[in-house]
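# Fold the following, please.
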Amino acid sequence: MPAGRPDEATDGAPQERWDVVVIGAGVAGLVAARDLADAGLRTLVVDGRDAPGGAVRGHEVAGLRLDAGAESFATRGGVVADYLTELGLGERICAPSGLGSWVHLPSGDGPLPRTGLLGIPSSPWSADVRRTIGLLGAARAALDLVLPRRVGADATTLGALVRARMGARVLDRLVRPIVGGVHAAEPDDLAVGAVAPTLPDALAGSRGSLARAVRTLRASAPAGSAVGGITGGMNVLVSALVEAVQTAGGEVRVRTAVSAARTDDDGWTLTTSEGTLRTHAVLLAAPTPDLLPALLPSLAPASQPDPGAEVTLVTLVVDAPALDGAPRGTGVLVAREATDVQAKALTHATAKWPWLAGQTPPGRHVVRLSYGRADGVRSGDDDASLPVPGTGVDPLATALTDASVLLGTPLTRDQLVDHAVVRWTQALPRPSAAHRAFVASVRAAVAAGAADADAGAPTATSRPRVAVAGAWVAGNGLASVVPDARAAAGSLLG
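Residues are numbered from 1 along each chain as shown. You can find the predicted model right below:
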């Protein structure tokens, strides 16, 4: 595998020269690096963490290879499935079981709409919707079908739109738990197009009715679930991408953080924890605020990305035959008003993914709980022995208690086979108005830098020198991240 060409710095210290350095070895960085290396550019990917993959990395628990972060992808548009097929993983794409999921409410547990979008029901009178929001809530939601188009037309957020069209019960009992679980944000803080890009156009063609718009979108979507997975876990994608980058002549280095960047007429000099790098182009695939002023000098100094939700994931592997019947389907989302548990969501992984159930003996189950803030931790810090920092609370004890409540089945330490605690920061940027404004300013600064580079002499260094990619600019989810990363690589190929 070819390495970057060694060079001599002015102070005598050795340097390496690369055509492109990608900062961040998450999926975005690896996707971009694959395209760059395939195009013949000597490409280096660096990351300060101890393993590649970002929020899609994996870990070992009870002898099982499990996802330590994202465990599914949105199937909309077929973007991710097409890319997996291109990578040779098409035969490993799988769908979750059809058991459906539930929501935990102060008034009791109930199923989430099977034909909804972010919890917005397409049929307010369906049995699963009535069970969760009651007859009164269903009646209020059904008014959406007859309300005039102007109702909710001036709503600027998802929360305001749902409240105006379908009422508070749909918002509080269906939409808010899903948005909180998926985006770690409040519906009243999110623009409709930021979390449901196709919904505004569907609303325009449905006379303003949310139910009709969701029904249209569901009808036009491909058959099957709105999410898909990979047999073996989403972390299989990371392994395939690293192998593809290396096969094309690129290199992926972990434990190599970039601390500073400066430019001159001949390209970029990057200072890392392992030495100095010289490169013609930089692709920033991780939210690194300290590097933004140097990489994008036209960006306003005060511009900062959303810090991202800080999430703790606790994975439990338990011997509990009582869970064989999947009492809460594939998992449970927790309403904000529910105070009897601390978790915001639970995934019953062996009930959700048939491939995983096939790897476990009878009566053994994998359950994962998601928690909100855990201050003062690093991204991807995997340590099963530490309590949640600053709380004095044992995450294992909390997780067992919460899982017992959410699954309606007592779980004890005696049943525990193994567990893991993974804490994430900056992995889930919230698509607020402030963050969207920041992203727009970053895109503008990248375009300005590209224009300046193109105005120079037509040499190798006249290519656009900086590109950006990743969830921090593209939005959450591989369906957004993958095409954006490929576009970023294409901008450097010019």
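
# Burial check on residue 415, number of neighbours?
19 (other CB atoms under 10 Å). All C-beta atoms are positioned from the backbone trio N, CA, C, and that covers glycine.

# Also residue 293?
Residues near residue 293, counting by other CB under 10 Å: 13.

# likewise residue 146?
8.

# same question, residue 198
When neighbours are counted by other CB under 10 Å, residue 198 comes out with 16.

# do the same with residue 263
17.

# Could you give me the buried positions within the helix or strand it falls within?
Assigned by DSSP states H and E, residue 263 falls within strand 258-264. Buried residues in strand 258-264, counted by 16 or more other CB atoms under 10 Å: 258, 261, 263.

# partner strands of the helix or strand that that strand is followed by, parallel or antiparallel?
Downstream of strand 258-264, the next assigned helix or strand under DSSP H and E is strand 267-272. Using DSSP bridges, the strands paired with strand 267-272 are strand 258-264 (antiparallel), strand 275-284 (antiparallel).

# Give me the contact list for the helix or strand just after the last one.
Using DSSP H and E, the helix or strand that follows strand 275-284 towards the C-terminus is helix 292-295. Under the contact criterion CB atoms under 8 Å, 6 or more residues apart in numbering, helix 292-295 has outside partners 260, 261, 262, 263, 282, 284, 299, 301, 303, 442, 466.

# ok, of the strands paired with strand 267-272, where does mean pLDDT dip lowest?
When those are compared by mean pLDDT, strand 258-264 comes last with a mean of 90.

# pLDDT below threshold where in the stretch 251-400 of the chain?
Scanning the stretch 251-400 of the chain for pLDDT under 70 picks out the ranges 302, 308-309, 373-393.

# domain ranges for the chain?
5-55+233-306+431-493, 106-220, 309-424 (automatic domain parsing).

# For residue 83, find the nearest of those.
domain 5-55+233-306+431-493 (5.3 Å; CB to CB).

# what distance separates that closest one from the centre of its chain?
How far domain 5-55+233-306+431-493 lies from its chain's middle: 19 Å, per CA atoms, centre = their mean, to the nearest Å.

# CA atoms of the strand holding residue 263 as PDB?
Once non-C-alpha atoms are left out, strand 258-264 reads as follows in PDB (Å, rounded to 0.1, in the frame of the first residue of the first chain):
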ATOM      1  CA  VAL A 258      -5.400  17.300  13.500                       C
ATOM      2  CA  SER A 259      -4.700  20.200  15.800                       C
ATOM      3  CA  ALA A 260      -3.900  23.000  13.300                       C
ATOM      4  CA  ALA A 261      -3.900  24.000   9.700                       C
ATOM      5  CA  ARG A 262      -2.200  26.700   7.600                       C
ATOM      6  CA  THR A 263      -2.000  27.300   3.900                       C
ATOM      7  CA  ASP A 264       0.300  28.900   1.400                       C
END
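
# Can you name the residues in contact with that strand?
Contacts of strand 258-264 (CB under 8 Å, 6+ apart): 21, 23, 46, 48, 268-273, 282, 288, 290-291, 294-295, 465.

# Over to stretch 111-119?
Contacts to stretch 111-119, defined as CB under 8 Å, 6+ apart, come from residues 100-103, 120-123, 126, 128-129, 131-132, 158, 170, 174-179, 182, 195-196, 199, 214-215, 217-218, 329, 333.

# Was I right to think residue 415 contacts residue 322?
No - assessed by CB atoms under 8 Å, residue 415 is found out of contact with residue 322, at 9.6 Å.

# helix or strand for residue 45, which one?
Judged by DSSP H and E, residue 45 forms part of strand 43-46.

# Adjacent strands (with direction) for that strand?
strand 14-23 (parallel), strand 251-253 (parallel).
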